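Peer 1: Pasting the sequence and the predicted model now:
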Amino acid sequence: MIRVVHYLNQFFGQIGGEDKADTKPLVREGVVGPGMAFKMALKGQAEIVATVICGDSYFNENIEKAKADIIAMVKKYNPDLFIAGPAFNAGRYGVACGAIAKAVKEGLGIPVVTGMYIENPGADMFRKDIYIVSTKNNAAGMRNAVPVMAKLALKLAKGEEIGSPDEEGYIERGIRRNYFSEERGSMRAVNMLVKKLKGEEFTTEYPMPTFDRVDPNPPVDDMAHAVVALVTSGGIVPKGNPDRIESSSASKFGKYCIKGKLDLTEKEFQTAHGGYDPVYANSDADRVLPVDAMRELEREGVIGKLYDYYYATVGNGTSVANAKKYGAAIASELKDAGVDAVILTST
Amino acid sequence: MVKEIERAGLPVVHMCTVVPISLTVGANRIVPTVAIPHPLGNPSLSHEDEFNLRKKLVLKAIKALQTKVDGQTVFEN
C-alpha cells in the first residue's frame, strides 16, 4: 500500500478560521477534512496515514522553521507520496502548499502533488519545481480537483509516465520533451498558420514566456519636499466601511481623507479584509496603514507632506486583472494630484 | 497594484511580511514587516515601543524610496 501524508491549513484542517491562522504545525493520524475525498479518490491503492496541519500565517511568517518542523513530522510516517491542499486562490495557503511540497520532494525524495488556482501567487512561485493541479478559485472546486490530484499522485507514486499538462490537468512547468509526431514540423507549422489566418483556434507548440516586469523608477531626490501617499491592500476603511468594499474578491477600491488626522483610532477606522485576523487592525489601524508614523516624519521634516488621501482595497482572492485595474487607476489619480512617491502596505 | 503604480512612473515601496509573494508580483523596493495581521505593529509591545518600531520601519521605507535600485531589492536592514 502506498503511504500518503496530507498537508492542510488551519481552516481545512478543522482547527479554526483566521483567529487560528497562527497555529504551529501539528499532526493528526489518518484523514482530516478534504482527506476523506482523497481517500475515496485513491481507490484503496494508497492510504493517508497522517495529516499535517499548519496555520497559514504561521507558515508564511516562519517559512524556514515551518518547513524544517513539518519535514521532520512527515518523515516519521515514512510516506511514499505527499499531497498538499488544494489551496484554490488562497494566497498564503498556496505559498505554504508549494513551499512544503517542494521541501518534501527535495528533502525526502518522494513525489509530491498540490493544487491551486492559476492566479495563486504560489502557482507562479512553484510550478517549475512541482506538479500543481490547476483548480478553480474557490473551495467549490474541491470535487473536481481531488480526482485529478489523486490520479496524478498515484501515477507519480507508481513511477508511471506523466502526460502533458493538458492531459493530466497540472499547471505547465516549462519542461519540453521530445516525442515522435505523425506530421513533420513544416506541415504542423503551415497547418497552424492556416488556422490562424482563418481566425480559428490553434495551440502553439512553444508558448513564449511572458515576463511582465517593470523597471524601478529613479529614487526621490528631495524627500524633505516630497508628497508621499499611502496605499494599502490591507482593507483599512473608515468605520462602517462606507463604500462596502468586499471582504474578499473586492470589486472596488476606496479613497479616504486623512487630512489633519494624526492617528487612526479604533473609533474611526477598521479593516474590511476577510483574509487575516482583524483584531489587531481594528484596535489600531496604524498597524496596517502607518498614518501616525508618517505624521511624525512629516513634522520632523523627513518627508515634505503626507498626501491628504489614502487608497485602500482588500487584497484577498482579488483577481490579478482587478488588482492591475485598481493599481493603474490609483496611480493615475496620485500622479494628477502631484504625489511624488508611494508606500504600499500589504497584510 | 505595486507594479502598476511603478509602471505609471511613481517610485513605490512595498511593505509586507511575505516577501516571496512581493517578489513574485514584481515589486522592486521591498521592506519586510512584522506579521501578516499587523505588518506595522506588534501588539505585545507597549504603545510607545510599538510606535517606535513602526516609525523605524516607515523610515526604512522612506530610505528605500531615496535609494537607486537596479532590480528587485529587499531592504533587510
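Peer 2: Sure thing, it's come through. These numbers were taken from a predicted model, which means no experiment stands behind them.
Peer 1: Which residues does A:Val228 form beta bridges with?
Peer 2: A:Leu306, A:Ala341 (DSSP bridges).
Peer 1: in stretch B:55-73, what counts as buried?
Peer 2: For stretch B:55-73, a neighbour-count test (16 or more other CB atoms under 10 Å in any protein chain shown) marks B:55, B:57-66, B:69, B:73 as buried. The C-beta positions use only the backbone N, C-alpha and C, and glycine is treated the same way.
Peer 1: Show the pLDDT at A:Pro209.
Peer 2: Looking at A:Pro209, its pLDDT reads 71.
Peer 1: Please name the nearest non-neighbouring residue to it.
Peer 2: A:Gly174 (7.4 Å; CB to CB, 6 or more residues apart in numbering or on different chains).
Peer 1: ok, the one you found touching A:Lys128?
Peer 2: Yes - using CB atoms under 8 Å, A:Gly174 is in contact with A:Lys128, at 5.5 Å.
Peer 1: who has more neighbours, those two?
Peer 2: A:Lys128 (13 against 10; other CB atoms under 10 Å in any protein chain shown).
Peer 1: for that one, what are its contacts?
Peer 2: A:Arg173, A:Gly174 (CB atoms under 8 Å, 6 or more residues apart in numbering or on different chains).
Peer 1: how near is it to A:Val31?
Peer 2: 30 Å (CB to CB, to the nearest Å).
Peer 1: Repeat that for A:Pro207.
Peer 2: A:Pro207 is 38 Å from A:Val31, by CB to CB.
Peer 1: who has more neighbours, these two?
Peer 2: The residue with more neighbours, out of A:Pro207 and A:Val31, is A:Val31; 19 against 9, by other CB under 10 Å.
Peer 1: What is the helix or strand A:Met40 falls within packed up against?
Peer 2: Taking DSSP states H and E as the definition, A:Met40 sits inside helix A:35-41. If you count contacts as 3 or more CB pairs under 8 Å, 6 or more residues apart in numbering or on different chains; DSSP states H and E, helix A:35-41 packs onto strand A:2-9, strand A:46-54, helix A:142-158.
Peer 1: Put together CSV for those, with distance to A:Phe253, mean pLDDT and mean neighbour count on each row.
Peer 2: Shown next, in CSV, are the helices and strands packed on helix A:35-41 (distance: least, CB to CB, whole Å; pLDDT from 0 to 100; neighbours: other CB atoms under 10 Å in any protein chain shown):
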stretch, distance to A:Phe253, mean pLDDT, mean neighbour count
strand A:2-9, 27, 98, 25
strand A:46-54, 32, 97, 23
helix A:142-158, 30, 97, 20
